[in-house]
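Chemist: show me how the following folds:
(2 chains)
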Protein chains: 2
Amino acid sequence: MGQVDWIAVDWGTTHMRVWLMSRGGGMIEARSSDRGMGALAPEGYEPALLALISDVLDDAPMPVVICGMAGARQGWAEAPYATVPCAPPDPRQGRRVQTEDARLQVIILPGVSQSSPADVMRGEETQIKGLIATHPGFDGVACLPGTHTKWAHLSAGEIVSFQTFMTGEIFALLSQQSVLRHSVALNGWDDDAFKTAVDEAMSRPQAVAAKLFGLRAAALLGGLGEVEARARLSGLLIGIELAAARPYWLGQQVALIGAAYSADAYEVALSAQGVPVLRQNPTDMTLAGLSAAYSELEHS
Amino acid sequence: MGQVDWIAVDWGTTHMRVWLMSRGGGMIEARSSDRGMGALAPEGYEPALLALISDVLDDAPMPVVICGMAGARQGWAEAPYATVPCAPPDPRQGRRVQTEDARLQVIILPGVSQSSPADVMRGEETQIKGLIATHPGFDGVACLPGTHTKWAHLSAGEIVSFQTFMTGEIFALLSQQSVLRHSVALNGWDDDAFKTAVDEAMSRPQAVAAKLFGLRAAALLGGLGEVEARARLSGLLIGIELAAARPYWLGQQVALIGAAYSADAYEVALSAQGVPVLRQNPTDMTLAGLSAAYSELEHS
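Modeler: Here you go, the predicted model:
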């Protein structure tokens, strides 16, 4: 193993992901565990971190740069929010955490907030930092699909405004826990059903509330298969999101930063609107953002 | 106890409710249990029914008239759907169920379906039958708020069309199981926050998807109390329902048949639109509908 100079960490709600990094920017090794924020009390964070990295510690202090939910109020230690408009936050405004193990030099990066309309992000700002670091001069919109999809308007290296949609979480609740679970497949896809539903929802978003139970009814009456119902539900929900997010993507280029599955759906829907999409790997963006933060810390 | 001539049953997903009835139409006694469809396999229905009524059986056959989810495919025995436009269905088109106990004469009333847009109801058609029985000549719209709210256009004693909204179920999922659960009270109400949210959602339904996570963000940033957030979430969801259901209520009188809590919210929202509302007790309507069905069976 090469020389580990610092540790990059993305600490989310359900998982923590750790990368052993060399100063040159190269990633040496990726590790992960299921010790996410949801599974930890504050005193559990340091042991959870050590469990993944103690073998690479020696006597020298090891910088550990963390983004994500570890900085939430219910996390390890609350990191502040920077307020838009702002550049993805300066790591020197992050939260330094005192650890029992003196070899750890932990800093949790700040989140970003917006006062009106009220909104917050923790973690996505680091992916946006990575986007800006790898695409200097990018001017446009970042879309980060996920449980809570974020849209951010970026200009001159700053986050100008952003907007969160609960589309991913609502899809999971409706498809797995509502009455629709009897009619919606857990897997599978139907591209035509998805596109048709996106079109319907974008042209008449006010009618979507009237169409959800129709998935169940159509299945009961024999007209709708489970896979088709799944794609149609996704299309209705992404369609009303796109209708509401129109001020973000209309006339813009969109950098799409998300895991393959959900980002594919957004790419199909945005491309159908003639929006130029720039796909970016979310892990690459997280690492680029954490690396940029580490570099700023080192040179401060 | 007076002479029990027949048994009325409303068998829902989570509960069964039983009324001991005299031929004159009077209700002698109400009983209930938590043996709803969700808790029963087909062979469990007869014992669950007997547990509530065996003490009033003698050697004579006892008519038992059932509405609701006992007639679903996953219920006791599947009852057919009548298709709109139709009067609330004739009990003689219901499903007769063979029981082991020869003293029981069980009939499950039909549901109602609509082919386009696809929709189904089981149970509400009996409340509508009760509305028509107690208000001959009623011409207008019935709104039945609940887990799945139904809107039905009634004319000349027939259900012309209907539409189901999952508003109640979506409210429960979002307020109790999504990230919003951290910011939304389980009880309490704020009438002003509700009315403002209904107005917002009705005037810009396409923006509601963008406002849900805002409840969480506003709470984190200190601006929104949990009770206010609860009323606001309810208002946003009922508001987009009313926007989508406008063809039902616009220029109509609305008979509102629902449990106090949710029906109150709908009444506030509809009254703000200048819609005349006729409140009806849902249990009274169920009993009136089952009584009308029993009477039709007796005279057939």
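
Chemist: for the stretch 201-300 of chain A, what spans make up the helices?
Modeler: Counting by DSSP state H, counting those that start in this stretch, the segments of the stretch 201-300 of chain A that form helices are A:212-220, A:226-244, A:246-249, A:260-272, A:282-298.

Chemist: just want the angle from the first one to helix A:226-244.
Modeler: Using axes from the mean of the first three to the mean of the last three CA atoms, to 10 degrees, the direction of helix A:212-220 lies 160 degrees away from that of helix A:226-244.

Chemist: what sits up against the lowest-mean-pLDDT helix or strand in chain A?
Modeler: Every helix and strand of chain A was ranked by mean pLDDT, DSSP states H and E. The lowest is helix A:260-272, at a mean of 93. When contacts are defined by CB atoms under 8 Å, 6 or more residues apart in numbering or on different chains, helix A:260-272 is touched by residues A:143, A:145-146, A:149, A:168, A:191, A:194-195, A:198-199, A:234-235, A:238-239, A:242, A:249, A:254, A:256-258, A:277, A:279. C-beta: built from backbone N, CA, C; applies to glycine.

Chemist: what do you get if the cut-off is 6 Å, keeping everything else the same?
Modeler: The contact list for helix A:260-272, computed with CB atoms under 6 Å, 6 or more residues apart in numbering or on different chains, reads A:Pro145, A:Val198, A:Ser234, A:Ile238, A:Leu242, A:Val254, A:Leu256, A:Val277.

Chemist: in a markdown table: the helices of the stretch 201-300 of chain A, plus mean neighbour count and distance to B:Val18.
Modeler: Formatted as a markdown table, the helices of the stretch 201-300 of chain A follow (neighbours: other CB atoms under 10 Å in any protein chain shown; distance: least, CB to CB, whole Å):
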| stretch | mean neighbour count | distance to B:Val18 |
| --- | --- | --- |
| helix A:212-220 | 23 | 26 |
| helix A:226-244 | 25 | 35 |
| helix A:246-249 | 18 | 53 |
| helix A:260-272 | 18 | 47 |
| helix A:282-298 | 21 | 56 |
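
Chemist: enumerate the residues of chain A near chain B.
Modeler: Residues of chain A lying near chain B by CB under 6 Å from any CB of the partner chain: A:117-120, A:163-166, A:169, A:173, A:178, A:205-207, A:209-210, A:212-214, A:217-218, A:220-221, A:240-241, A:243-244.

Chemist: how about 7 Å then?
Modeler: By the criterion of CB under 7 Å from any CB of the partner chain, the positions of chain A lying close to chain B are A:113, A:115, A:117-120, A:148, A:163-166, A:169, A:173, A:177-179, A:205-207, A:209-210, A:212-214, A:217-218, A:220-221, A:223, A:240-241, A:243-244.

Chemist: related to what we said a few turns ago, what is the most widely separated pair among the contacts of helix A:260-272?
Modeler: A:Ser234 and A:Val254 (18.4 Å; CB to CB).

Chemist: and the residue of chain A most remote from its centre, how far is that from B:Glu124?
Modeler: Centroid-distance maximum for chain A: A:Leu221 at 38.3 Å, with CA atoms, centre = their mean. According to CB to CB, to the nearest Å, A:Leu221 stands 17 Å off from B:Glu124.

Chemist: with A:Leu144 instead?
Modeler: The gap separating A:Leu144 from B:Glu124 is 42 Å, by CB to CB.

Chemist: do the same with A:Arg230
Modeler: Per CB to CB, A:Arg230 is found 27 Å from B:Glu124.

Chemist: what does A:Ala79 give?
Modeler: 51 Å.

Chemist: out of those two, which sits in the busier spot?
Modeler: B:Glu124 (29 against 26; other CB atoms under 10 Å in any protein chain shown).

Chemist: look up how far B:Ala152 lies from that one.
Modeler: Counting by CB to CB, the gap from B:Glu124 to B:Ala152 is 7 Å.

Chemist: redo the helices of the stretch 201-300 of chain A as TSV? Include distance to B:Arg103.
Modeler: Shown next, in TSV, are the helices of the stretch 201-300 of chain A (distance: least, CB to CB, whole Å):
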stretch	distance to B:Arg103
helix A:212-220	33
helix A:226-244	42
helix A:246-249	65
helix A:260-272	57
helix A:282-298	66
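
Chemist: nearest to A:Leu49 among these would be which one?
Modeler: Per CB to CB, nearest to A:Leu49 of those: helix A:282-298, 14.5 Å.

Chemist: what's the closest one packed up against?
Modeler: On a contact count with 3 or more CB pairs under 7 Å, 6 or more residues apart in numbering or on different chains; DSSP states H and E, helix A:282-298 meets strand A:6-11, strand A:62-68, helix A:124-134.

Chemist: can you list contacts of that helix?
Modeler: Residues outside helix A:282-298 that contact it (CB atoms under 7 Å, 6 or more residues apart in numbering or on different chains): A:6, A:8, A:10, A:19, A:25, A:27, A:63, A:65, A:67, A:88, A:90-92, A:107, A:109, A:126-127, A:129-131, A:133-134, A:257-259.

Chemist: same question, stretch A:235-246
Modeler: A:149, A:151, A:163, A:165, A:167, A:170-171, A:193-198, A:200-202, A:205, A:208, A:211-212, A:265-266, A:269, B:206-207, B:209-210.

Chemist: try stretch A:180-193
Modeler: Contacts with stretch A:180-193, where a contact means CB under 7 Å, 6+ apart, come from A:174-175, A:212, A:215-216, A:219, A:226-233, A:235, A:268.

Chemist: let me know the closest of these to A:Ala102.
Modeler: For those, the residue nearest A:Ala102 by CB to CB is A:Ser175; the value is 48.0 Å.

Chemist: need the three-state assignment for the closest one.
Modeler: With DSSP: H, G, I helix; E, B strand; the rest coil as the basis, A:Ser175 sits in helix.

Chemist: what's the neighbour count on A:His15?
Modeler: Applying other CB under 10 Å, we find 16 residues neighbouring A:His15.

Chemist: contacts only, for A:Pro110.
Modeler: By CB under 7 Å, 6+ apart, the contact list for A:Pro110 reads A:Ala79, A:Pro80, A:Tyr81, A:Ala82, A:Pro89, A:Gln93, A:Gly94.
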